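Asks: please work out how this folds:
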Amino acid sequence: MITRKRFFHIWWLVLFLIVAIAAASYWLIGREAEVTIANELLRRERTVAKAEKSNLTVYFQTFGNAVASLAQYGSIARRDASTIHDMDIFVEQRRANGIVAGIVLTDSKGIVKFNSNISGTRDLGMSLADRDYFLWAKGESEPAEYFIGRPVVSRLGASMGLVIVPVAAPVYNGDTFTGAIIAAVKLAPLTSRFLGLMKVSDTTEVYLVDEEGSLLFNSAEPAAADSSIFDFFQNNPFDGSQALSDKIEAALGAEEGGEFRTAGHLVAYSPVLLGNQSWLVIMASPSQAIMDLAEPIYIRQTAVILMLVLTFLLFGVIVARK
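Replies: A predicted model of the protein is given here:
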């Protein structure tokens with residue numbers, strides 16, 4: 001027969017075992033939950049980054065083909081009154097989206113001869129002969145091709161002073177190169193439209209950089225665009241910022257997407273390959289997001305442990321009174 005003293009020895013031993021097992025389960029299940037949540041966050045980031053990449057790629061493919069098609073119009077080759085009429089129609093058809101600022105037509109030396117833009121101004125005479133897209137059009141292009149240039153600060157028209165992505169196509173009269181037609185895509189509204197709302201959590205930060213690390217879009221601080229992402233991290237340091245900067249630098253120029261973790265962030269990236277331009281969409285979620293998502297699991301675990309302990313304590317009290 002078990003004495004009362006013996007019973008309480010066993011009771012305390014069982015209580016200790018329950019607490020130990022519950023604590024171990026709490027830690028193991030919590031760790032497993034964190035790993036599962038981290039993997040799920042990375043999977044979502046990869047999915048969203050790929051979607052952003054596809055959106056940008058399809059937009060430039062569609063728009064580039066439209067510019068190349070316009071370059072083959074008879075009115076563009078003739079350079080008469082119908083030329084500016086067709087250019088105006090092209091711009092007006094895209095006015096509502098707020099992304100296309102305008103389009104210009106140069107001569108064979110790169111001098112702007114026709115200009116149609118959303119402001120209705122006709123700035124002419126500016127030389128674009130030193131721009132990468134004109135050099136391509138004059139030296140390497142074929143009819144029906146288009147070229148996406150490096151983001152630059154516009155020199156004229158409705159986009160003057162703004163960062164634009166030029167989309168150019170060569171103009172030929174027969175086999176003779178007669179100039180280039182160049183459309184200006186405003187970078188800020190373009191990136192805001194395709195990248196601004198695509199996040200996996202409220203704390204996710206989205207960046208778009210070129211092959212040199214220059215920021216084309218920064219969801220955390222839009223005003224910081226046009227600077228280097230490495231300078232941005234250096235001027236706005238946080239826990240793990242240097243490790244994040246090093247990992248992003250290693251990913252520049254990648255041809256395939258990937259992911260990595262630092263002490264402070266979960267990061268997925270996807271390259272946007274636009275002709276000879278190589279951009280990188282980067283999604284970074286702070287590791288604290290894992291704890292935020294895991295918190296309900298820890299709360300449930302704590303509640304279960306407390307219920308087990310209280311139940312066993314109550315059982316002991318009831319037995320002690322008999």
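Asks: list the buried residues in stretch 120-139.
Replies: Asp123, Met126, Leu128, Arg131, Asp132, Tyr133, Phe134, Leu135, Trp136, Ala137, Lys138 (16 or more other CB atoms under 10 Å). Bear in mind the C-beta positions are built from the backbone N, C-alpha and C, glycine included.
Asks: pull the residues that contact it.
Replies: 104, 106, 108-116, 147-150, 152, 155-158, 160, 166-170, 177, 179-180, 182 (CB atoms under 8 Å, 6 or more residues apart in numbering).
Asks: from the chain's centroid, how far away is it?
Replies: Its chain's C-alpha centre and that of stretch 120-139 lie 30 Å apart, by CA atoms, centre = their mean, to the nearest Å.
Asks: gap between the two ends of that stretch?
Replies: 31 Å (CA to CA, to the nearest Å).
Asks: after the strand or helix carrying Phe90 comes which helix or strand?
Replies: Per DSSP states H and E, Phe90 falls inside helix 81-92. Later in the chain than helix 81-92, the nearest helix or strand by DSSP H and E is strand 100-106.
Asks: please convert the buried members of the contacts of stretch 120-139 into PyMOL selection syntax.
Replies: To isolate the buried members of these in PyMOL, using 16+ other CB under 10 Å:
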select buried, resi 104+106+108+110+112+114+115+116+147+148+149+152+155+156+157+158+160+166+167+168+169+170+177+179+180+182
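Asks: for the spatially most central residue of the chain, give me its contacts.
Replies: When the chain is reduced to its mean C-alpha position, the nearest residue by CA atoms, centre = their mean turns out to be Val281, at 3.8 Å. Neighbouring residues of Val281 by CB under 8 Å, 6+ apart: Ala49, Glu52, Lys53, Leu56, Leu195, Val206, Tyr207, Leu208, Tyr269, Ser270, Pro271, Val272.
Asks: against Asn97, how distant is it?
Replies: Counting by CB to CB, to the nearest Å, the separation of Val281 from Asn97 is 20 Å.
Asks: also Val171?
Replies: Applying CB to CB to Val171 and Asn97 gives a distance of 25 Å.
Asks: same check on Phe114?
Replies: Counting by CB to CB, the gap from Phe114 to Asn97 is 22 Å.
Asks: repeat for Ala77
Replies: For Ala77, the distance to Asn97 equals 28 Å [CB to CB].
Asks: more neighbours: those two, which one.
Replies: Set side by side, Ala77 and Asn97 show more neighbours around Ala77, with 17 against 12, by other CB atoms under 10 Å.
Asks: contacts only, for that one.
Replies: So Ala77 contacts Val171, Tyr172, Asn173, Thr178 (CB under 8 Å, 6+ apart).
Asks: any idea of the pLDDT on it?
Replies: What the model reports as pLDDT for Ala77 is 89.
Asks: so what's the residue nearest to Ser141 when sequence neighbours are not counted up against?
Replies: Distances taken as CB to CB, 6 or more residues apart in numbering put Pro170 closest to Ser141, at 4.0 Å, once the chain neighbours are dropped. Pro170 makes contact with Ala71, Ala137, Lys138, Ser141, Glu142, Pro143, Glu145, Phe177, Gly179, Ala180, according to CB under 8 Å, 6+ apart.
Asks: ok, back up a step: tell me the two of the contacts of Ala77 that are most distant?
Replies: Spatial extent of these (CB to CB) is set by the pair Val171 and Asn173 at 7.5 Å.
Asks: neighbour count winner among these two?
Replies: Legend: neighbour count by other CB under 10 Å for Val171 and Asn173, higher for Val171 (25 against 13).
Asks: any weak-confidence spans in the protein?
Replies: Within the chain, the segments meeting pLDDT under 70 span 1-38, 156-158, 197-201, 220, 222-226, 287-322.
Asks: now do the strands in it.
Replies: Along the chain, the segments classed as strands by DSSP state E run 100-106, 112-117, 147-148, 152-153, 163-173, 176-186, 205-209, 215-218, 258-261, 265-274, 277-286.
Asks: partners of the fifth one, with directions?
Replies: Right, strand 163-173. Looking at strand 163-173 with DSSP bridges, its partner strands are strand 147-148 (antiparallel), strand 152-153 (antiparallel), strand 176-186 (antiparallel).
Asks: what would those strands look like in CSV with distance to Gly240?
Replies: Listed next are these as CSV, based on distance: least, CB to CB, whole Å:
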stretch, distance to Gly240
strand 147-148, 34
strand 152-153, 33
strand 176-186, 33
